[in-house]
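In: Give me the fold of what follows.
(chains A, B, C and D)
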Amino acid sequence: MLQRDTVFKISMLLPLAALAGYFLLLVGSQAAFFSLTGFFEQLSQADIHSAITLSLVAATVSSAVAVAVAIPSAYALARLDFPGKRLVDTFIDLPMVLTPIALGTLILMSWNTAFGSLLASFGLTVPFTMAGVILAQFTVVVAISVRMLKATFEQINPRQEQVARLLGCSAFGSFCHITLPLARRGIVAAVILTWARAVGEFGATVMVAGTAKGQTATLPSSIYLAMSMADLPRAVTLVVILIGISLLVLFGVRMVMEQKR
Amino acid sequence: MLQRDTVFKISMLLPLAALAGYFLLLVGSQAAFFSLTGFFEQLSQADIHSAITLSLVAATVSSAVAVAVAIPSAYALARLDFPGKRLVDTFIDLPMVLTPIALGTLILMSWNTAFGSLLASFGLTVPFTMAGVILAQFTVVVAISVRMLKATFEQINPRQEQVARLLGCSAFGSFCHITLPLARRGIVAAVILTWARAVGEFGATVMVAGTAKGQTATLPSSIYLAMSMADLPRAVTLVVILIGISLLVLFGVRMVMEQKR
Amino acid sequence: MIRVEQLAARRGSFTLGPVDIDLEGDSYLTLLGPSGAGKTLFLETCMGLISPASGCVWIDGKDVTRTVPEQRHISYLPQDLSLFPHLSARDNILFGAKRRQLDKEQVAARLAGLVDLLDLHNILDRNDVSTLSGGEKQRVALARALLPNPRLLFLDEPFSALDATIKRQLQVKLREINLQMGVTILHVTHDQEEAFMLGEQIAVMIHGQLQQVGSRDDIYYRPATIDVARFLRNQNIFDLTVEEVLPDGSLWLGNGIHLKAPGYAGAKKGLRLAAGIRSEEVMVIRPNKPIGPELQDNLFHATVDDILVFGGTHTLCVRLQDSGITVDVELPNCAMRDLGYAVGDALRVCLRKRSLWTIPLESPDVWKEDHDDQL
Amino acid sequence: MIRVEQLAARRGSFTLGPVDIDLEGDSYLTLLGPSGAGKTLFLETCMGLISPASGCVWIDGKDVTRTVPEQRHISYLPQDLSLFPHLSARDNILFGAKRRQLDKEQVAARLAGLVDLLDLHNILDRNDVSTLSGGEKQRVALARALLPNPRLLFLDEPFSALDATIKRQLQVKLREINLQMGVTILHVTHDQEEAFMLGEQIAVMIHGQLQQVGSRDDIYYRPATIDVARFLRNQNIFDLTVEEVLPDGSLWLGNGIHLKAPGYAGAKKGLRLAAGIRSEEVMVIRPNKPIGPELQDNLFHATVDDILVFGGTHTLCVRLQDSGITVDVELPNCAMRDLGYAVGDALRVCLRKRSLWTIPLESPDVWKEDHDDQL
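Out: The predicted structure is shown next:
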């Protein structure tokens, strides 16, 4: 409406449009290599099957454990006061800035410590096993989960929990009857995004569990294998699956967050 | 103080403590393989030098470009209304949920499109070059940058910009004189975290640019190479460098965000 | 100075206006209304921060409806002040002058004048404006708004966060600024005392509509709508019908209670209207006291139902004997001390004809408006 | 019912107390103070949501200082109501009964009673409480607080978001609940009218300190500290010294102005004190009118400096001729109409001895407290 403002608005919108266009180009660029028959042909192969299964199962387990640990941890960071809180709050972000490759290396190295022996005594072997895939994914995604849930809990008015206390709830009761229901959407969003990150995890997984076809090769590892063998049809198939999952996740999260009540 | 509350608090704090302990264990586990003489010996080698240089230069360039694109984009998402805003806002998060491996594959595939020809006509070759490292890092980190800056801009009271308008600023003037100075800390934090993510990027980089020693091998790629050749002293050195960078980044960001004014 | 014609705007599901207003130079208008009435949205639309859905804004005779905010030359003091936290107090105040590249000597002279007027001597060189006290922030924000020598100043609830003493000082200061600097002021507030003290004219906005513009006495004693009457705490509002138009133009109204009221143009037998009287205008007469002829109309026997005690006043809730209708009567403490009423006492009350206001009702729906919220 | 002894608490750099208070059963105390005075923090500490830094809380004779909130059996209505958005109106109201596993029949009977009392018939089955109007939310929250049949009800600014008509209805309802249901109410507010209307006793909290607890007249006419006097909008406050203690105990005070004031225990020549008079208690006397002996003291010749016009009252700012001191005089509109003063007019004012309050000052610093904020 106001001409001089329009120039400003356009100069802000153009970079955004360019960025969105670039992403669209990336997503579309597989179309040149994609064929529907090839896609279904690939899907019927056993090692793609096992990669899909492994990815979904491992991601589900690792993100479930991550969220289960993250809910109380995030609540503690959001609501409770304790000595060293700032230090812990900062340190817990480590996996968000440290490359997954280094995290994977550290997991392997920790295998030689008392921690590894402890896991081993439970019959859990981490290097080059599915347990390793899950541990690698958990390590990478748990921090994201804590961060998202902390923001969720911080948005809940503590007054609601306090009123519930005075109406007869214990601290635990008000957490279950008030906090968790009010955090519902944030928790669902955290589960979805954590799961998506776990599905896409590559660096740590490849370090800890390797890329043994049909055993520890997740979807991302399988892309890496396919590309390193110049098997484009397979790579395209896997990329399309992952794009599909990503778009589902993105719009799923938006739907959850915009839900009424 | 109140006994029944204490039980609740402890049951919230324990998972957090366990998590922090686990991360501490991971960070500490390299100690078994670490020796100071070995560390400096490794540091003096040429290909480690070049990996450090490449990582720092590429990450600096890619995160600078990412933030430069993200500032107007994030402002547009935070303040302006335009058709399709919700769609763009959702889609722009794609690189945050799509695995970097797939992103890297898509970049390679887009090399065969008009976009690739365009870049090539400028003399830019992406596959297996430093330009490829930068493009891969940029693609992975730009969305994080937009997300962080959008949150920053949303926290600034638009009333401040409006008052500046009435005191004689154009839309662009109020953006420069009010919005940017007020977003200062958020922008610095975004730069640091974007840079850290770029330094740690592995999946897309390895797909696009490979791991050619002394040429396109970044710090994470070098860890991967070292581990695959079972060169533990080298891997430990690189991991320690990356842990150091990560800790600096984490505490740097916290300092920036807690700064007065 | 500023004229607004059929201005309408929308925000979400809220609709403002259409609003018409015409503000002369040097005048002081307070825009009074409950929170959520659209007062701030109205200011924003006048300033060009929001595009109007329809209507025009003229400033100094020029149509500025499509002009960018920075060229409307309105100074604005928002409710949260919006001091720029990254600038010192001095740079905050000088912000407008720098952006508009005003003559430096003139600016320096004006700054010195404002420093004296608002006593900014000890504040001017403070670097971190967030450490200023509430009143200090207010004065810096006021100086920032006044430095460009505006002809038009918009104030949005400027004193809502201040304590009573400082608020009064700044209110007096504002009146002085209006008179001495010749700046036209449009002052938004939800505080009735503030609106009445400062506004030469008062405009009442409720539910996005400008319901009445007038002098203090108009607004206070002659509300134009039931919403205005309620918002201005008229406790005694009756739903009545015109029973007779008397030869002198006055009206006999009835519906349980029978009242003689001043007439209005177009009054006809059978019309429905709202009538009311402010509770401090109701006269209380002891049972056996002789009374003059001017109090013979609208005189009722009543009993005290309830007594509400306030700081400086009491409110008697009295029930009229014939109709059972309850009337609130406000008495200053000194009168209450003399009269010494208790619950159950008998007395007479007079709803003096000249104190009654009437509002013709076009539709009976206005009575329902707040029905959901009535106990 | 509830007794608090030397209770102190901290939040950030703010310190509350130490506070002592003793509230009888069935009583209604309003805790009045400006925002930021620590009123909410005080409630939270009493309820056990905040650990006190020191001091004790007794409820019904039991020391509950270390008891968890849910076992203190206090019902709480916070300022934002904090209705549970994921529950229906009915489930909100019944939340406490379910958690405490109260007898179902008793609960049903009590619910029916509350539905009648608060007219919840059309609201009870609403699923999304966020769609209720302000007054409806208020009634649901009140019902939720009252359902467990509390003996102690804490209200934190319950009506601050409501419009005047609905506010008054709910205030009257609250008084009824206090009297009929025998619930002891501690009601926090910054609204003086509300505090005076509802509180049998009023406690004034400023800067985290309980500065005065007393009846309406005590608070209104005999403030205990200068902070209280200022907060209650005493416009006329003088800084004086005792010049003479008269044989009947009254005092001659001076410092520019000379006033005869009621005495107090411990008054001695040379002591410094603050004295004041409410502006509506200042009497205005026309220049030539004869006056009775009770007005002979503290009578001053004065001129009108300024006139502030409010809704139902005018305030004359008059300057006393001898001392040059300015005194505010509040006149109701009817008196102002009769007297018809204009700026510059001469008149006499009487600061009646019995209307004067005095506050002995231990340290002269109290005058400086707000100095930074004075224009």
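In: what's the helix or strand for A:Ile52?
Out: Following DSSP states H and E, one finds A:Ile52 within helix A:46-79.
In: helices or strands next to that helix in the packing?
Out: With contacts defined as 3 or more Cβ pairs under 8 Å, 6 or more residues apart in numbering or on different chains; DSSP states H and E, helix A:46-79 has these neighbours: helix A:85-91, helix A:130-155, helix A:180-200, helix A:219-228, helix A:232-258, helix B:3-28. Bear in mind the C-beta positions are built from the backbone N, C-alpha and C, glycine included.
In: any chance of these in JSON lines, with mean pLDDT too?
Out: Formatted as JSON lines, the helices and strands packed on helix A:46-79 follow (pLDDT from 0 to 100):
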{"stretch": "helix A:85-91", "mean pLDDT": "92"}
{"stretch": "helix A:130-155", "mean pLDDT": "94"}
{"stretch": "helix A:180-200", "mean pLDDT": "94"}
{"stretch": "helix A:219-228", "mean pLDDT": "91"}
{"stretch": "helix A:232-258", "mean pLDDT": "91"}
{"stretch": "helix B:3-28", "mean pLDDT": "88"}
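In: Save these as JSON lines, and put in distance to C:Thr184 and mean neighbour count too.
Out: Below are those laid out as JSON lines (distance: least, Cβ to Cβ, whole Å; neighbours: other Cβ atoms under 10 Å in any protein chain shown):
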{"stretch": "helix A:85-91", "distance to C:Thr184": "52", "mean neighbour count": "16"}
{"stretch": "helix A:130-155", "distance to C:Thr184": "43", "mean neighbour count": "24"}
{"stretch": "helix A:180-200", "distance to C:Thr184": "48", "mean neighbour count": "22"}
{"stretch": "helix A:219-228", "distance to C:Thr184": "67", "mean neighbour count": "23"}
{"stretch": "helix A:232-258", "distance to C:Thr184": "45", "mean neighbour count": "19"}
{"stretch": "helix B:3-28", "distance to C:Thr184": "59", "mean neighbour count": "16"}
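In: quick one on the thing from earlier: buried ones in the helix holding A:Ile52?
Out: Within helix A:46-79, the residues scored as buried using 16 or more other Cβ atoms under 10 Å in any protein chain shown are A:48, A:50-52, A:54-56, A:58-63, A:65-67, A:69-79.
In: mind putting the helices and strands packed on helix A:46-79 in a markdown table, distance to chain D included?
Out: Output for the helices and strands packed on helix A:46-79, formatted as a markdown table (distance: least, Cβ to the nearest Cβ, whole Å):
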| stretch | distance to chain D |
| --- | --- |
| helix A:85-91 | 15 |
| helix A:130-155 | 12 |
| helix A:180-200 | 5 |
| helix A:219-228 | 37 |
| helix A:232-258 | 15 |
| helix B:3-28 | 5 |
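In: Give the rounded mean pLDDT of the helix holding A:Ile52.
Out: Across helix A:46-79, pLDDT averages out at 94.
In: about what we covered before: among the helices and strands packed on helix A:46-79, which is nearest chain C?
Out: For chain C, the closest of the helices and strands packed on helix A:46-79 is helix A:232-258, at 15.5 Å, according to Cβ to the nearest Cβ.
In: Could you check the angle that closest one makes with helix A:46-79?
Out: Inter-element angle recorded for helix A:232-258 and helix A:46-79: 30 degrees (by axes from the mean of the first three to the mean of the last three Cα atoms, to 10 degrees).
In: wait, C:Val329 sits on C:Thr313?
Out: No - the pair C:Val329 / C:Thr313 is not scored as a contact, 10.2 Å apart, by Cβ atoms under 8 Å.
In: Tell me which of the two has more neighbours.
Out: The neighbour count for C:Val329 versus C:Thr313, taken as other Cβ atoms under 10 Å in any protein chain shown, is higher for C:Val329 (25 against 19).
In: Next, A:Gln215: secondary structure please.
Out: Per DSSP: H, G, I helix; E, B strand; the rest coil, the local secondary structure of A:Gln215 is coil.
In: One more: C:Ile237?
Out: Going by three-state DSSP: C:Ile237 is strand.
In: contacting residues around it?
Out: Residues near C:Ile237 by Cβ atoms under 8 Å, 6 or more residues apart in numbering or on different chains: C:Ile226, C:Ala229, C:Arg230, C:Ala274, C:Ala275, C:Gly276.
In: just to revisit the earlier point, how far out from the middle of the chain is the helix holding A:Ile52?
Out: 8 Å (Cα atoms, centre = their mean, to the nearest Å).
In: same check, this time on stretch A:73-86
Out: Counting by Cα atoms, centre = their mean, stretch A:73-86 is centred 23 Å from the centre of its parent chain.
In: which residues are contacting it?
Out: A:88-89, A:92, A:145-150, A:152-154, A:158, A:175, A:179, B:9, B:12-13, B:15-16, B:19, B:254.
In: Just the terminal-to-terminal distance for that stretch.
Out: One end of stretch A:73-86 sits 13 Å from the other (Cα to Cα, to the nearest Å).
In: thinking again about what came up before, among the helices and strands packed on helix A:46-79, which is nearest D:Ser323?
Out: helix A:130-155 (57.9 Å; Cβ to Cβ).
In: After the closest one, which helix or strand is next? Please name it.
Out: helix A:158-166.
In: same question for that following helix, mean pLDDT?
Out: In this model, helix A:158-166 has an average pLDDT of 93.
In: Tell me the helices and strands packed up against whichever helix or strand comes after that helix.
Out: Using DSSP H and E, the next helix or strand after helix A:158-166 towards the C-terminus is helix A:171-174. Packing partners of helix A:171-174 (3+ Cβ pairs under 8 Å, 6+ apart): helix A:158-166, helix B:3-28.
In: Just the CA trace of helix A:171-174, in PDB.
Out: Extracted C-alpha coordinates of helix A:171-174, given in PDB (Å, rounded to 0.1, in the frame of the first residue of the first chain):
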ATOM      1  CA  ALA A 171       3.700 -32.300  43.200                       C
ATOM      2  CA  PHE A 172       3.500 -35.500  41.200                       C
ATOM      3  CA  GLY A 173      -0.200 -35.300  40.800                       C
ATOM      4  CA  SER A 174      -0.100 -31.800  39.500                       C
END
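In: Can you list the neighbours in contact with it?
Out: Identification of contacts with helix A:171-174 by Cβ under 8 Å, 6+ apart yields A:Glu161, A:Ala164, A:Arg165, B:Arg4, B:Asp5, B:Val7, B:Phe8, B:Lys9, B:Ser11, D:Val68, D:Glu70, D:Arg99.
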